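*Asks:* can you look at this prediction? I've put the sequence above it.
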Amino acid sequence: MTAAITVKPPLVLLTGFLGAGKTTILNRVLGAQHRRRVGVIINELGRIDIDTRLVKSRSGDVMELAGGCVCHEVRVQSELWAAIAEVARRANPEVVVLETTGIAEPWSILDGLDGLGDAAPAVAAGVVCAVDAEAGGGQIARHEEARAQIEAADRIVLTKLDLAAPDAVVALHRELARRNPAAERASFPQTDEATAELCPWLLDVRAASRARPTQGPHHHGQLAAIAYSDTAALLGEPLLAVVERLGPRLVRAKGFVHLAGDPRRGFLERAGLHTELRLGEPWGDESPATEIVLIGEGLDAGAIRRQIWACRAK
């Protein structure tokens with residue numbers, strides 16, 4: 001049982017379907033704002049991805065970030081309450097932001113927090129949902145998790161508007177208005193002015209007063225995560241082909257790639273409708289290795305592993 005704490009920080013949930021851009025939004029806020037002490041909890045399938053320039057030090061699952069912030073990584077909800085209490089103790093934050101997994105249902109988190117009663121380590125202070133403007137319409141139609149996230153939100157932030165067709169954005173607005181007419185819809189272009197607006201908007205403490213849908217969605221276990229890890233070098237072009245062949249069944253992929261003949265760290269990502277393999281910094285003293293997480297429907301772990309093995313090179 002989590003011990004009761006005297007000062008309970010407000011908790012803002014940052015949710016959104018796989019690849020919607022939650023971590024990008026969080027990095028923008030943490031990199032730009034310095035006036036508020038922010039606690040950050042990461043509950044993500046795969047590796048933690050806070051921008052390296054923000055990290056001052058790391059101890060286990062806790063990272064100290066620039067600007068007096070503290071970030072704590074959790075893997076399951078049972079760790080969440082203790083993590084919030086730990087962040088509150090370390091940083092005395094004015095607000096705690098929980099970045100959920102891409103398949104989280106916010107109501108289950110809010111219900112769990114409410115169920116703790118006086119022992120709750122935080123007070124619910126709103127749900128912000130990131131929605132991919134390009135892929136969001138299809139995700140809402142196909143995935144109940146995406147619908148649950150939108151319906152629980154008091155704020156919706158549209159991402160990737162620069163990639164989306166105008167007709168798709170119009171249709172998405174209609175769908176969002178139908179599912180959650182009370183939620184404020186906003187977007188923040190990649191400018192200093194917009195980032196300055198994003199920070200207080202995301203960190204704004206609002207009452208969690210949204211009425212729960214009468215017939216709330218439930219998981220049916222249709223999405224699963226597959227992890228691939230190996231030290232052998234891979235060929236980039238056939239690896240991309242393996243990922244592309246998975247088609248719409250693959251909703252998210254992310255990880256580092258040891259590319260044959262290249263001293264730089266590769267980064268593979270599928271987000272929304274786009275897949276890319278880009279090059280980063282050299283591996284340096286670190287031993288190169290491929291670590292990828294793929295999330296989708298009906299994925300065959302054995303088949304994917306065999307196909308990636310076929311991309312090996314000397």
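*Replies:* Received, thanks.
*Asks:* so L299 touches L250, yeah?
*Replies:* Yes. L299 is in contact with L250 according to Cβ atoms under 8 Å; the separation is 7.0 Å. C-betas here are computed from N, CA, C, even on glycine.
*Asks:* more neighbours, the two?
*Replies:* It is L250, of L299 and L250, that has more neighbours when counted by other Cβ atoms under 10 Å, with 20 against 17.
*Asks:* quick one: average pLDDT of stretch 281-295?
*Replies:* The average of the pLDDT scores along stretch 281-295 is 91.
*Asks:* go on, stretch 108-115?
*Replies:* Confidence over stretch 108-115, taken as the mean pLDDT, stands at 88.
*Asks:* again, but for stretch 148-159
*Replies:* The pLDDT scores in stretch 148-159 average 93.
*Asks:* buried residues in it?
*Replies:* Taking 16 or more other Cβ atoms under 10 Å as the neighbour-count basis, stretch 148-159 is seen to contain the buried residues 148-159.
*Asks:* so Q149 is in which element?
*Replies:* With elements taken from DSSP states H and E, the one containing Q149 is helix 144-152.
*Asks:* keeping just the C-alphas, turn that helix into PDB.
*Replies:* Provided in PDB are the C-alpha atoms of helix 144-152 (Å, rounded to 0.1, in the frame of the first residue of the first chain):
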ATOM      1  CA  GLU A 144     -10.500   0.900 -29.400                       C
ATOM      2  CA  GLU A 145      -7.500   2.200 -27.400                       C
ATOM      3  CA  ALA A 146      -7.300   5.300 -29.600                       C
ATOM      4  CA  ARG A 147     -11.000   5.900 -29.100                       C
ATOM      5  CA  ALA A 148     -10.700   5.500 -25.300                       C
ATOM      6  CA  GLN A 149      -7.800   8.000 -25.200                       C
ATOM      7  CA  ILE A 150      -9.700  10.700 -27.100                       C
ATOM      8  CA  GLU A 151     -12.900  10.200 -25.100                       C
ATOM      9  CA  ALA A 152     -11.100  10.600 -21.800                       C
END
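*Asks:* beyond that helix, next helix or strand please.
*Replies:* Taking DSSP H and E as the definition, the helix or strand that follows helix 144-152 towards the C-terminus is strand 155-159.
*Asks:* now E286, what's its secondary structure?
*Replies:* Reducing the assignment at E286 to three states with DSSP: H, G, I helix; E, B strand; the rest coil gives coil.
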